[in-house]
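1. Can you look at this prediction? I've put the sequence above it.
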Amino acid sequence: MRGMMDLLRRGAASALAGGVVALLAASVAHAQLAPPPGPTVEAIKKRGVLNCGIDTGVPGFASQDSSGKWKGIDIDYCRALAAAVLGDPDKIKYTSTTAAARFTVLQSGEIDVLIRDSTLTFIRSTSLGLDEVAINFYAGQGFLVRKALGVTKAADLQGATICTVTGATLELNIADFARSTGAKIGTLLFDKAEEAIAAMEAGRCDGYTDDSGSLAGMRSTLKVPGDWMVLPDLISKEPLGLHIRSGDARWQKIVFWLDTALKTAEEFGVTQANADQLKATSKDPFVLRLLGAEGDFGKMLGLDNDWSYRAIKASGNYGEMYDRHWGPKALDLPRGLNNLWNKGGMHYTLPLR
Amino acid sequence: MRALTRHPLLRALFGTPGNAAITLLMLAGFAWALPPLFRWMLGDAVWEAPNRAACQAAGSGACWAFIRARFALFFYGVYPAPERWRVELGLLLLVVIGAGALFARRGRGWWLLVLLTVVPAAGAILLAGGLFGLAPVPTAQWGGLMLNVVISFVALGGAIPLGIALAFGRRSRYPVIRLLSVAMIEFWRGVPLLAVLFMGLILMPLFLPNGVTVDNLVRALVVMTLFTSAYMAETIRGGLQGVPNGQAEAAEALGMHHGQVQLLVILPQALRLSIPGIINIAVDLFKDTTLVSIVGLFDLMGVVTQSMKDPAWLGLAAEGYTFAAIVFFFACLVISLGGSLLERRFGEGSRR
Amino acid sequence: MNTRLKAHAVKGWLWQGGVALAVAALFYWLSHNLSTNLAARGMEIDFGFLAQRAGFDIPFRLVAWDGSYPYGWALYVSGVNTLFASALIIVLASLLGLALALMRLSGNPLAAGTSRTIVEVVRNTPQLTQIVFFYIAVLQVLPPMRQSITWFGSMFLNVRGLYVPAPSGTAYDAILAATCAVVVLAAVFWRRLGWHEVPRLVVLPPVLVLGAIIAGVTANWDYPSLKGFNFTGGTRVPPELLALVLGIGVYTSVFIAEIIRAAIQGIHRGQGEAARSLGLSSSQAMFLVILPQALRILIPPLTSQYLNIIKSTTLGAAIAYPEVLQIFARTVLNQSGRAVEVMTLVLGVFLAVNLLASAAMNVWNRRLALQGR
């Protein structure tokens, strides 16, 4: 009698244990070993897919169109990188990351590169073990305010309330600005930009703050864009760029020189459309090296010589990317700092020789 | 006046001065609120336009063209279009087997067994692919309403057995088991879902061996399952308490062992008593799946907010949220109706 | 038989020990992974950051705060905000739930139908959507700042919130605190003090009001006034709080309405009929006979709804209400980078609050149940 009962209890126990084991087994089956933190390129080639970490949605940087296709300058960079390394700009797995999680995701090896309108700060660089390899957008924190306020510069916002999103450097910059200039600006922190914008339009705040690239996108979402203006001064520097884990020199060089190639292409007038023709006919040694018609530059990176040619064919040069997303036909943001050095901007690249 | 109050409906509405006042007040409220709402949703709404600017030029009401343009995205996410039949087939399977479990006159146990074993396995193979020549679709491409359904189904399917184990654990005669069950239940019931989802996302990699990464969706599934199982355990414990003591005594008098009595006599009755509670948990769970958008998964809500950022359709939050609310309303209504049907069916069995 | 029983007990302990060991091993494995991972990243668990200067602003608070306070104090400030919002929501949800339940049972088909529709719509749509809806609605209804609604020249209502004069001063604080303490203690120990004849609900509220008036007279009042972009001075109740209270209050009220309805229907019909035959009106029968009895049945389910309210306030982060999750798990985590410590604290706070609240409700439940006998 008792024996039977024990048997039954043991049965129940082993059923329970079996359940736990099954659960663990299921989760382990889903778990996969990430590549070792050294040879990232080998892992990408073996996998056949580039794992690109992007934003969850900011017009201009990364947003989905009606068919669910990602678009934006960060996406163009991912595509150029995939084209250079794998030969196919579509072999990408996009991972959307929230502001709070982006660096952890990169650290843990889930993604190969983080191209997500992110700024690398001292703390992030030293305590998280990450490197910002190249900068694809020079931004700064700006303000979008109601014209009727009569404000002309950020310091005039003393006593005003500004809506913004939480989890970024934005709120910290405002606090620093207040400490250094004495202009105390109140902030109201939302989870998502849509709610912050809606609150601002209803008069809950005097303005909205974000990096200058995102502000242009946000201004176009307003009901009456003409009632609002972007203040000319920026209270912080936000160099947004391409991040990788520290310690893989080869992968770092590829990402760095890819960015250089895209900007060099603009400088020398190489576009998506004329790349084929220039490859055959150009006399300019810079152009020939860029398009792989001369020299062994790709091989020196461990890729083939057509790497940058494919990247340009996939996404166009830097200027084309900018025009596609912020040009007059898109979000209409003047290039300013994002112009090439010889046109008054900040993009001054190392020579491709 | 007297003639007016003769009809029962009129008497109910205007029978006493108090009732008449309530009725008039409410009618005034409807007259104030409903017409503008109707104009926005239907009267002045725009159904066809290529982008937001064209929409606003065409009418002052809701811009439903936005929803139409992104309809497929709302249901499938970025699941590759040629493979979408797999999602449909999976859903069909779920609906057919689910309906079978609800309506079958005979062998309902078998239908339920199939629902809890074959459907998840077949669904996983269909959706994820990689077997039987199906092209693999990474979970990063799953999205939209399909993701809400998948998460709810898996979390509910996992939470029921886990909840039963915890409910028995809480009633166990062994103090260690009891303590662990209580700790587990009270922990998950004491913390906000948003906080634990956030924790699963940011901190889970820190708690796993270096270099092991777990799929984002799996993390969300684990958190949702554990969270739901705590609530499930309490509901089932309520059901266990509702079974009269005489049942256990009678069964033991028949020579059954403690374990047999619990599993074969008490549990089925307790589960029957818990059906309304379980249905409530299912509805709450389905609504709570919208919170996974904070961990970077694009469920219906995530796709809706994402769509508001498409440069062609910027700034259409009201339409997006209204659409999501309507979809959730009907989905939850279906769950509730299915639940009350289930309740009545099992009720029939007990009355006979 | 005896030895078999003993063997049985031994088996029971073995089996328990095995489970305990497995759980301990799991925790050991997790903490081992955590420490190796942290070491590999050059990080360590250290709560010392709580004493560091926070430097950020909290737009709404009930206790002292500015940028020079430490991170640890921010947990207290945001915790008070969470509890304050929860208390308001509990009051609103209970009243609204009662109203919806009475409408449903009123016998007026229009009222019953409306109540039913509200319940079905609200409980079948996601909570976050409703909170955002109420926020946008509140902001649309309130007037812009320059056209504030003004009462007595010192209270202002506009889209930025409700501005009221703020009292301060040591005498004010002391009198108010003393009155509250006396009232709470008297309420709890009313029976033991032997004041059976006088109901506490008649005596205590006037005492509270009197204390508040005396405190108010002795206080220094700080009046709000419009300066530059915003009103300064006084105390501000932000629209975020209003929207959060409405959003979660309405959502929870439909669940409470169903609980109340079930409880009222659970009271035997005879009770109402007996009350009517004693000459009570139908509303008297409801409020004096049926509801007090229903209260006893509905306390356990009501408790879990109240606990849900406390947890749901975390959704306030979506509409910029500075509660624990937003201030701590977003701003402080982002600023200090101390994810493990911050999340441990946040979960700990919610666990503690929930366990305390459920313990308190259990005590109340037991006392009500005893009174019934």
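-> Nice, thanks for sending it over.
2. switch to C-alpha atoms for all contacts and neighbour counts from now on
-> Fine.
3. Tell me the spacing between the closest residue to residue A:99 other than its chain neighbours and chain B.
-> Counting by CA to CA, 6 or more residues apart in numbering or on different chains, the nearest residue to residue A:99 once its immediate chain neighbours are dropped is residue A:167, at 5.8 Å. As judged by CA to the nearest CA, to the nearest Å, residue A:167 and chain B stand 12 Å apart.
4. Correct me if wrong, but residue A:167 is in a helix.
-> No. Applying DSSP: H, G, I helix; E, B strand; the rest coil, one finds residue A:167 to be coil, outside a helix.
5. what about the strands in the stretch 1-150 of chain B?
-> For the stretch 1-150 of chain B, strands defined by DSSP state E, counting those that start in this stretch do not occur.
6. which parts of it sit against chain A?
-> Neighbours of chain A within the stretch 1-150 of chain B, by CA under 8 Å from any CA of the partner chain: B:69-70, B:72-73, B:77-78, B:140.
7. Next step: these restricted to helices.
-> B:69, B:72-73 (DSSP state H).
8. just to revisit the earlier point, what does the residue nearest to residue A:99 show for phi and psi?
-> With angles defined as degrees, to the nearest 10, residue A:167 sits at phi 90, psi 10.
9. ok so, going back, I'd like the ones in helices among the residues of the stretch 1-150 of chain B next to chain A laid out as JSON lines, including pLDDT and distance to residue B:279.
-> Shown next, in JSON lines, are those (pLDDT from 0 to 100; distance: CA to CA, whole Å):
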{"residue": "B:69", "pLDDT": "80", "distance to residue B:279": "34"}
{"residue": "B:72", "pLDDT": "82", "distance to residue B:279": "29"}
{"residue": "B:73", "pLDDT": "83", "distance to residue B:279": "28"}
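10. By neighbour count, which of these wins?
-> Counting neighbours by other CA atoms under 10 Å in any protein chain shown, residue B:73 leads those with 25 neighbours.
11. Am I right that it is in contact with residue A:68?
-> Yes. Counting by CA atoms under 8 Å, residue B:73 does reach residue A:68; the two are 6.4 Å apart.
12. give me the low-pLDDT residue ranges for chain C?
-> Filtered on pLDDT under 70, chain C yields the residue ranges C:1-5, C:41-43, C:196, C:268, C:368-373.
13. of the ones in helices among the residues of the stretch 1-150 of chain B next to chain A, closest to chain C?
-> Of all those, the one sitting nearest chain C is residue B:73; the distance, using CA to the nearest CA, is 19.6 Å.
14. Would you mind measuring from the closest one to residue C:86?
-> Distance check for residue B:73 against residue C:86: by CA to CA, to the nearest Å, it reads 37 Å.
15. next one: residue C:362
-> Relative to residue C:86, and taking CA to CA, residue C:362 is found at 19 Å.
16. More neighbours: the two, which one.
-> residue C:86 (24 against 15).
17. Pull out the buried residues from the host helix or strand of the more buried one.
-> In this assignment (DSSP states H and E), residue C:86 forms part of helix C:71-104. Within helix C:71-104, the residues scored as buried using 16 or more other CA atoms under 10 Å in any protein chain shown are C:71-75, C:77-90, C:92-104.
18. ok, and of those residues, which contact chain A?
-> Counting by CA under 8 Å from any CA, no member of those reaches chain A.
19. Thank you kindly, that will do.
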